[in-house]
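Enquirer: Coordinates only, no sequence provided:
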């Protein structure tokens, strides 16, 4: 679609859930949970819950700490090449590890996608990590 006005209208319709039945059911359910939690849709950063020292302690005690070397070996090198990051949270949505492309990490810093933040739907709204936790909780 090359017409900016038509594109803006399509985006507006999608956002309002009137085009083609609205967003996928998974995303729609996430939006509903975020609305029920009274999340401000203009909220742009998650809450910082833990400082650097606390994150280090949490990592040491977390069951995934034992498999992080394997995850790094399998995923982080690919993430560097593909310009992605690997994000690992605990079951409560606290971001414990973020590793990968330095270029992407700099961009992630701009939205506070950093260790010690909380990425649940009731803390920041609809997002991949929060939705995965809500659905698989």
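Expert: Now that the structure is in, tell me what you want to look at. All figures in this text were calculated on a predicted structure; none of them were measured in a lab.

Enquirer: Would you map the strands across this structure?
Expert: If DSSP state E is used as the criterion, the strands of the chain fall at 85-89, 95-100.

Enquirer: Adjacent strands (with direction) for the first one?
Expert: Sheet pairing for strand 85-89, assigned by DSSP bridges, gives strand 95-100 (antiparallel).

Enquirer: how distant is the strand it pairs with from the center of its chain?
Expert: The offset between the C-alpha centroid of strand 95-100 and the centroid of the whole chain comes to 11 Å, using CA atoms, centre = their mean, to the nearest Å.

Enquirer: again with stretch 54-68
Expert: 19 Å.

Enquirer: what sits up against that stretch?
Expert: 50, 71, 88, 90, 94, 96-97, 115-116 (CB atoms under 8 Å, 6 or more residues apart in numbering). Bear in mind the C-beta positions are built from the backbone N, C-alpha and C, glycine included.

Enquirer: which two in those are spaced the farthest apart?
Expert: Taking every pair in those and measuring CB to CB, the maximum separation is 20.5 Å, between 50 and 71.

Enquirer: could you dump the strands of the chain to CSV with mean pLDDT, distance to residue 27 and mean neighbour count?
Expert: Shown next, in CSV, are the strands of the chain (pLDDT from 0 to 100; distance: least, CB to CB, whole Å; neighbours: other CB atoms under 10 Å):
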stretch, mean pLDDT, distance to residue 27, mean neighbour count
strand 85-89, 94, 19, 19
strand 95-100, 95, 21, 20
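
Enquirer: right, so of the ones you listed, which gets closest to residue 43?
Expert: Evaluated with CB to CB, these place strand 95-100 nearest to residue 43, the distance being 16.3 Å.
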